[in-house]
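In: Here is a sequence with its predicted model. Questions after.
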Number of protein chains: 2
Amino acid sequence: MRITQADLDKMPSRNRARLMNTLSGYKPANLIGSRSDDGISNLAIFNSVIHMGSRPPLLGLLFRPLTVRRDTYANIKANGYFTINAVNLPIYPQAHHTAAKFEAGESEFEETGLTERFIDDFPAPFVAESPIQIACRFESEYPIKENGTILMLGAIQFIEIKDSLLKEDGTLALDQEKLMATVGLEGYALPKIIDRLHYAEPGQKPSSIKDGS
Amino acid sequence: MRITQADLDKMPSRNRARLMNTLSGYKPANLIGSRSDDGISNLAIFNSVIHMGSRPPLLGLLFRPLTVRRDTYANIKANGYFTINAVNLPIYPQAHHTAAKFEAGESEFEETGLTERFIDDFPAPFVAESPIQIACRFESEYPIKENGTILMLGAIQFIEIKDSLLKEDGTLALDQEKLMATVGLEGYALPKIIDRLHYAEPGQKPSSIKDGS
């Protein structure tokens, strides 16, 4: 079945958004914690956290155009810091709920029942329930001229993880803590790691790492 | 368990790369098809395909720094077109194999056994086995100054999908065709869609869409 640009143009805009949002495949599910100058905490689900590089340790966040109020964006620009918290099976309904249009003065922590956590004097809230909590400092932003989205880069300050997640070789066993992936804007998937493959070499078929799964 | 910036600095570089590559969660698994001016096809696995926006329909690709030969990047810049092909369970070992350092004149299609497909006169090869095949035109690129990576944007020209994947509301049922997600650079996960939630509203807990799973 072929879908052309003309077909996309003709699709009802919700359907087109659903198609476009699932087309690139599974996405990570993360909650972004931030704080306003007035000390109001904000929490928002994002499926656009991107690994930008290991050296220096950088993560990216793609923001939709600033045509409506974007508390997370405004807070990070004002305060300079934010947190990234992985969404797992026990909390995905609450995580989804953070997408509701609460009033500016309302905290998504209170509204959804997720537990706000502060670590030392880091100026943005973490999600206590999350098995991977990442502290980031605003690094830079790249406005995308084609559609008004903004790619924001964050420099990792420290990471809090459940001990059992970290394997000896540095890998995080994401499925052990039932981390979720998202499908478009409304679907939630539970992945199972089924294989780990050795570094690919030209002349030989990829083979599994012994403790692969 | 806390991992500080100093801890990251001290980690063996492979372990640090593994940690950083799994930290943001599951990533999509896609094969990028391209063609050189000499007519040599190239195929490369990417876990950095990003949904950039629905209007216009744009996808992004994050390239690592151009410090070594990057055939995919060079081909797209020379030829202006590329394809994105979803990786599913039957082809993930071959997809992983495309990451091997083949010679510039070798085609990953021939080396891995994946089937090259051309559609009409579109000037880049598709992967015949893939249930989602996307034709893209180079749109623009954003050099990331912090680490030399490059965000490239592609404009969708047309999409070829297995009919059964497209639900009536526009969503693609990714798990039906056993689409894979990646974990870092070597892990492959099979997600199962367990829920679809209604649009979030302030006063009420998110509820499942009836044909959710």
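Out: Sure thing, it's come through. Quantities reported herein were computed from a predicted structural model and do not represent experimental measurements.
In: For the closest residue to residue A:30 other than its chain neighbours, give me its contacts.
Out: Closest residue to residue A:30 apart from its sequence neighbours, by C-beta to C-beta, 6 or more residues apart in numbering or on different chains: residue A:49 at 4.7 Å. All C-beta spots, glycine's among them, are computed from the backbone N, C-alpha and C. Contacts here follow C-beta atoms under 8 Å, 6 or more residues apart in numbering or on different chains; on that basis residue A:49 touches A:28, A:30, A:59, A:60, A:61, A:84, B:24, B:25.
In: The residue nearest to the last one when sequence neighbours are not counted pairs with what?
Out: In this case it means residue B:25. Leaving aside its sequence neighbours, residue B:25 sits nearest to residue A:28 (C-beta to C-beta, 6+ apart; 2.9 Å). Per DSSP bridges, residues listed as beta-bridge partners of residue A:28: residue A:181.
In: Could you check how far residue A:28 is from residue B:148?
Out: Note on residue A:28: its distance to residue B:148, by C-beta to C-beta, to the nearest Å, is 23 Å.
In: And the strands in chain A?
Out: A:2-4, A:27-28, A:30-35, A:41-46, A:49-54, A:57-63, A:81-86, A:116-117, A:126-127, A:132-143, A:150-161, A:181-183, A:187-196 (DSSP state E).
In: partners of the last one, with directions?
Out: Which is strand A:187-196. strand A:181-183 (antiparallel), strand B:187-196 (antiparallel).
In: hey, which of these is tucked in deepest?
Out: strand A:181-183 (a mean of 27; mean count of other C-beta atoms under 10 Å in any protein chain shown).
In: how far out from the middle of the chain is it?
Out: Relative to the centre of its chain, strand A:181-183 is centred 10 Å away, using C-alpha atoms, centre = their mean, to the nearest Å.
In: got it, and stretch A:132-146?
Out: 11 Å.
In: Now do it, average pLDDT.
Out: Average pLDDT, stretch A:132-146: 98.
In: Whether that stretch contacts chain B - can you check?
Out: Yes. Using C-beta under 8 Å from any C-beta of the partner chain, stretch A:132-146 reaches chain B at A:132, A:134, A:139, A:140, A:142, A:144, A:145, A:146.
In: Confirm for me that the third one is in contact with residue A:151.
Out: It stands for residue A:139. No. Between residue A:139 and residue A:151 there is no contact under C-beta atoms under 8 Å: 10.9 Å.
In: pull the longest helix from chain A.
Out: For chain A, the helix with the greatest residue count under DSSP state H is helix A:13-23.
In: Please report how far residue A:141 lies from residue B:145.
Out: 12 Å.
In: between the two, which one's more packed in?
Out: residue A:141 (15 against 10; other C-beta atoms under 10 Å in any protein chain shown).
In: isn't that one right up against residue A:153?
Out: Yes. When contacts are counted by C-beta under 8 Å, residue A:141 is listed as touching residue A:153 (7.0 Å).
In: Report all helices and strands that the longest helix of chain A contacts.
Out: Packing partners of helix A:13-23 (3 or more C-beta pairs under 8 Å, 6 or more residues apart in numbering or on different chains; DSSP states H and E): helix A:5-10, strand B:49-54.
In: mind checking which of the strands paired with strand A:187-196 is nearest residue B:20?
Out: strand B:187-196 (13.8 Å; C-beta to C-beta).
In: That closest one - what's its average pLDDT?
Out: 96.
In: Contacts for it next, please.
Out: A:26, A:92, A:171, A:174-175, A:181, A:183, A:186-197, B:22, B:26, B:29, B:89, B:92, B:96, B:171, B:173-175, B:178-183, B:208-209, B:211-213.
In: One more pass at 6 Å, please.
Out: A:26, A:181, A:183, A:186-196, B:92, B:175, B:180-181, B:183, B:208-209, B:212-213 (C-beta atoms under 6 Å, 6 or more residues apart in numbering or on different chains).
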